[in-house]
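Visitor: Dropping the sequence and predicted coords here.
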Amino acid sequence: MGHSLAGLPGEQLDTYLRDRISGLAAPLTVEPIAGGQSNPTFFVSYGDRRMVLRKKPPNALPSAHAIDREFRVMSALHPVGLKVPETVLYCDDSAIIGTPFYLMNRLEGRVFNDCWLPGVSPADRRAMYMDMATTLADLHNVDWQAAGLADFGKPGNYFSRQIGRWTKQWQLSREAESDAIDHLIAWLPDNIPAGDQTAVSHGDFRIGNLIFHPTEPRVVGILDWELSTLGHPLADLAYSALGWHLLTSEHMGMRDLDYQNLGIPIEQDYLERYYSTASSKARVQPFHFAFSLFRLAVIFEGIAARARLGNASSANAAEVGALSTVLAQRAVDEISSNRTY
């Protein structure tokens, strides 16, 4: 195996990369990137040639952790000018470092785990949120067929397929009855808005998956394409705006913050910026927020179910399961609000 670098077989990786990437003169350095990514991620550098490696975790299910899809979508989107890292190579040979992996060029910038962007001036916070909206619209404006992504997912009927998928997932992982989830499972399929459309959908488009310029208030990269597919653009848009609907004690939330003092735009300003850039004229409705919250509620119930099986602490399972209940109730509240966006 040779020597280990941050848990990777350094000599094998070094030999493999030097054979395929020209001009790698300096020694190889590897540094794991901390964070909640499900795909282990590392900074891989040869002097000033700075890259990022993402690999499947060991013992992953064949269909999970689809790093080949991440690599493919970024490779298709970078040439058409979208703000994604430039891909370098993909390796499906598990003999090199134990699992398939890919390399992309490293983007320099800032990543924020908190949606209120701590340490940033109010003026910059506003600009960063507005650029986030523009960046999402730019993604949805991509001609996915011309970009070679016609078979990246199933075009059309996105919401009916997704509601079915997450309903099945709920039935597999639920611990207790939930009136809120039952209501959503009944209501959502019957209330899908008219007018189907298809775009490249990121699937997890939020502040924490964006890289901002080191000093300027603008997005330089969209990260973590693991859930990307061909989907409905308004699913991405509603999900990206959930911060305005949830409390800081909840996942991604900031509803209880003082936007004015922080400089964060109100939700309607964020949505209007997206609408002004998007080629589609469709607007989000309570349905889209209810769907996004339903999906998150089921995801959190699944996490809690795995924790109860001993894959995480039982205290955490109870906490995450409680969050699932809160998100489901927020979805029901959204339906009854009859808000216009």
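Guide: Alright, I've got the coordinates. Numbering: from 1, shown residues only.

Visitor: now the end-to-end length of stretch 110-119.
Guide: Start-to-end span of stretch 110-119 (CA to CA, to the nearest Å) is 11 Å.

Visitor: which residues make contact with that stretch from outside it?
Guide: The contact list for stretch 110-119, computed with CB atoms under 8 Å, 6 or more residues apart in numbering, reads 120, 124-125, 128, 206-208, 210-214, 223, 243, 248, 252-254, 257, 262, 264. Every C-beta, even on glycine, is put in place using the N, C-alpha and C of the backbone.

Visitor: In ChimeraX, how would I select the buried members of the residues you listed?
Guide: One line in ChimeraX is enough to select the buried ones among these; burial here means 16 or more other CB atoms under 10 Å:
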select :120,124,125,128,206,207,210,211,212,213,223,243,252,253,254,257,262,264
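
Visitor: Just the ones of the contacts of stretch 110-119 in strands?
Guide: Secondary structure from DSSP state E places 210-212 of those in strands.

Visitor: Including pLDDT and distance to residue 287, could those residues go into JSON lines?
Guide: Output for the ones in strands among the contacts of stretch 110-119, formatted as JSON lines (pLDDT from 0 to 100; distance: CB to CB, whole Å):
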{"residue": "210", "pLDDT": "97", "distance to residue 287": "26"}
{"residue": "211", "pLDDT": "97", "distance to residue 287": "31"}
{"residue": "212", "pLDDT": "98", "distance to residue 287": "31"}
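
Visitor: Between the residues you listed, which sits nearest residue 288?
Guide: Residue 288 lies nearest to residue 210 out of those, by CB to CB, at 20.5 Å.

Visitor: Name whatever forms a beta bridge with that closest one.
Guide: Beta-bridge pairing for residue 210 (DSSP bridges): residue 222.

Visitor: Contact partners for the nearest residue to residue 32 once chain neighbours are set aside?
Guide: Leaving aside its sequence neighbours, residue 32 sits nearest to residue 6 (CB to CB, 6 or more residues apart in numbering; 4.8 Å). Contact analysis of residue 6 by CB under 8 Å, 6+ apart lists 30-32, 42.

Visitor: Next one: residue 6 from residue 53, what distance?
Guide: 10 Å (CB to CB, to the nearest Å).

Visitor: With residue 17 instead?
Guide: With CB to CB as the criterion, residue 17 and residue 53 are 9 Å apart.

Visitor: Ok, residue 3 next?
Guide: Distance of residue 3 to residue 53, computed by CB to CB: 17 Å.

Visitor: what do you get for residue 310?
Guide: Residue 310 sits 30 Å away from residue 53, going by CB to CB.

Visitor: residues in contact with residue 69?
Guide: 152, 225-226, 228-229.

Visitor: Next, format those as TSV and append neighbour count.
Guide: Shown next, in TSV, are the contacts of residue 69 (neighbours: other CB atoms under 10 Å):
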residue	neighbour count
152	19
225	24
226	20
228	26
229	19
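
Visitor: Let me know the closest of these to residue 24.
Guide: Closest to residue 24, out of all of those and judged by CB to CB, is residue 225, at 25.8 Å.

Visitor: Quick check: which element contains the closest one?
Guide: Per DSSP states H and E, residue 225 falls between elements, in no helix or strand.

Visitor: wait, doesn't it sit right on residue 202?
Guide: Yes - between residue 225 and residue 202 there is a contact at 6.7 Å, judged by CB atoms under 8 Å.

Visitor: Flag the shaky bits of the protein, pLDDT-wise.
Guide: For the chain, residues meeting the criterion pLDDT under 70 lie at 1-2, 35-37, 59-65, 311-316.

Visitor: Kindly report the domain assignment for it.
Guide: Listed domain ranges for the chain are 4-105, 122-337 (source: automatic domain parsing).

Visitor: what pairs with the helix or strand that contains residue 44, and is each one parallel or antiparallel?
Guide: Assigned by DSSP H and E, residue 44 belongs to strand 41-46. Here strand 41-46 is paired, per DSSP bridges, with strand 28-32 (antiparallel), strand 49-55 (antiparallel).

Visitor: Please enumerate the helices of this protein.
Guide: In the chain, the helices defined using DSSP state H lie at 10-20, 67-77, 122-141, 158-173, 179-190, 233-240, 259-262, 267-277, 286-306, 314-337.

Visitor: Determine which stretch of those helices is the most buried.
Guide: Most buried of these, by mean neighbour count (mean count of other CB atoms under 10 Å): helix 233-240, with a mean of 25.

Visitor: could you give the angle of that one to helix 314-337?
Guide: If you take axes from the mean of the first three to the mean of the last three CA atoms, to 10 degrees, helix 233-240 sits at 120 degrees to helix 314-337.

Visitor: List the contacts of helix 233-240.
Guide: Contact partners of helix 233-240, identified using CB under 8 Å, 6+ apart, comprise 132-133, 136, 139-140, 158-159, 162, 197, 199, 201-206, 271, 274, 278, 280, 282-284, 288-289, 291-292, 295.

Visitor: tell me the contacts of the residue lying closest to residue 269 once chain neighbours are set aside?
Guide: Spatial nearest neighbour of residue 269, chain neighbours left out: residue 130 (7.6 Å); criterion: CB to CB, 6+ apart. Applying CB under 8 Å, 6+ apart to residue 130 gives the contacts 265, 269-270, 273.

Visitor: mind checking how far the residue nearest to residue 229 when sequence neighbours are not counted is from residue 179?
Guide: Nearest in space to residue 229, with sequence neighbours left out and distances taken as CB to CB, 6+ apart, is residue 153 at 3.7 Å. Distance of residue 153 to residue 179, computed by CB to CB: 32 Å.
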